[in-house]
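Undergrad: compute the structure for the input listed below.
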Amino acid sequence: MTKLIIQIPCYNEEQTLEIALRQLPRSLPGIDCVEWLIIDDGSTDRTVEVARACGVDHIVSHPRNLGLARAFMTGLEAALKAGADIIVNTDADNQYEASDIPKLLEPILQQRAELVIGARPISTTEHFSPIKKLLQKFGSWVVRQASGTAVDDAPSGFRAISRTAATRLVVFNRYTYTLETIIQAGRQGMAIASVPIRTNEDLRPSRLVKSIRSYVQRSLQTILRISVIYSPGRFFAALAVLAGLAGVFFMGRFGWFFLQGAEDSHVPSVVLGLAGMGAALLLAIVGILADLLAVNRKLLEDVRRRLIELSLDGAASKPPCDATQRVASPLPADTKATGSNTQTPCSPKQPL
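TA: Okay, the predicted model is just below:
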């Protein structure tokens, strides 16, 4: 039996959550069971009550707001423990067209991809300003270079993840998961696909992008950090080469003036040249040590993945997709169950 769990991270989403849930499917071609999961990231409004009224199958809650990235990881862990074979992540503000979920699932069902990213029509999205469109495209290009993938819309949160890929993803950043998971998946050699999807009318301003400047700054920090984590040798080697070239330049400058018989000794050039060469040597040593640590981190990731697989293999068989038989999902640390649902949905659910 193939089970799909659609997860939605939520933080004070009582105004838009019902609209998003009304669009989600309860049956799909190639899928035997479709369930919904809400991650309540410390909401102080009626988000949980709305989710229950709409027949959400699994609800997990953070005791306080921990951020989108942490909510995403909590959802993956809870979905895996609930028996998901495929996980679809979407937003509570109904940004993405739910009827495009089959497009996300197709590459995974055909075993052509482990991670599928929905590419929004950025150029034709009316509520995106010209500068935001430019930055979205530039950011996706940077992520493609850093990850070695061909993802068209890196910041898109509308994505499908196979069970195997979900056990291998670990998000370090607390701000957002979108860029980091793509770079991480690309560095780990996962098969990644990008499919065109549609978007809906903007129901509220983005809470993640408070300003273009802060978003760009945080995105660059994320890209740099994950690149250093997964390719520390290359990063420090590049810095060592730059420092070495600077050292050679200043030593060459000193040598040139010395051979010309200049009266000035140009001692500062000697000092800068030696400093550059010393820094290059130090950076090269740091790069070697960082590479060794990266090997250790990879081994730890493999151990973590294997432990997750063993814990999931030892779990009971998947419960049927019957709202009267649902049980609460086992939860990761720092979360609590607010109950599985047997209430009447807030609106009829139609298959796509």
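
Undergrad: and the nearest residue to E114 once chain neighbours are set aside, what does it touch?
TA: Spatial nearest neighbour of E114, chain neighbours left out: A165 (4.0 Å); criterion: Cβ to Cβ, 6 or more residues apart in numbering. C-beta coordinates here come from the backbone N, C-alpha and C atoms, glycine included. Contacts here follow Cβ atoms under 8 Å, 6 or more residues apart in numbering; on that basis A165 touches E114, L115, A185, M190.

Undergrad: and A165, what helix or strand is that in?
TA: helix 163-168 (DSSP states H and E).

Undergrad: now do I38
TA: Per DSSP H and E: strand 33-41 holds I38.

Undergrad: packing partners of the following helix or strand past that strand?
TA: Downstream of strand 33-41, the next assigned helix or strand under DSSP H and E is helix 47-53. Contacts defined by 3 or more Cβ pairs under 8 Å, 6 or more residues apart in numbering; DSSP states H and E place helix 47-53 against helix 17-23, strand 33-41, strand 58-62.

Undergrad: all strands of this protein, in order?
TA: Along the chain, the segments classed as strands by DSSP state E run 3-10, 33-41, 58-62, 86-89, 115-119, 159-162, 192-196, 336-337.

Undergrad: redo those strands as a markdown table? Include distance to L76 and mean pLDDT.
TA: Listed next are these as a markdown table, based on distance: least, Cβ to Cβ, whole Å; pLDDT from 0 to 100:
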| stretch | distance to L76 | mean pLDDT |
| --- | --- | --- |
| strand 3-10 | 8 | 96 |
| strand 33-41 | 10 | 96 |
| strand 58-62 | 11 | 95 |
| strand 86-89 | 6 | 96 |
| strand 115-119 | 12 | 95 |
| strand 159-162 | 7 | 96 |
| strand 192-196 | 16 | 94 |
| strand 336-337 | 17 | 50 |
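
Undergrad: so for F258, which of the ones you listed sits nearest?
TA: In terms of Cβ to Cβ, the element of those nearest to F258 is strand 192-196, at 55.2 Å.

Undergrad: tell me the strands beside the closest one, with direction?
TA: Under the criterion DSSP bridges, strand 192-196 sits next to strand 115-119 (parallel) in its sheet.

Undergrad: ok, S43 to V50 distance?
TA: From S43 across to V50, the span is 10 Å (Cβ to Cβ, to the nearest Å).

Undergrad: list residues touching both of those two?
TA: E13, E14.

Undergrad: show me the shaky parts of the stretch 51-200 of the chain.
TA: The stretch 51-200 of the chain contains residues with pLDDT under 70 at 126-127.

Undergrad: how does it look with 80?
TA: 122-133, 135-136, 139, 146, 172-176 (pLDDT under 80).

Undergrad: got it, and the stretch 251-352 of the chain?
TA: In the predicted model of the stretch 251-352 of the chain, residues 257-258, 260-266, 294-352 satisfy pLDDT under 80.

Undergrad: one step back: just flag the most distant two among the contacts of A165.
TA: Longest span within these, Cβ to Cβ: E114 and A185, 7.4 Å.

Undergrad: overlap in contacts of the two?
TA: What both E114 and A185 touch, as defined by Cβ under 8 Å, 6+ apart, is the set A165, I192.

Undergrad: mind checking how far the residue nearest to E114 is from I223?
TA: Noted for A165: a distance of 20 Å to I223, by Cβ to Cβ.
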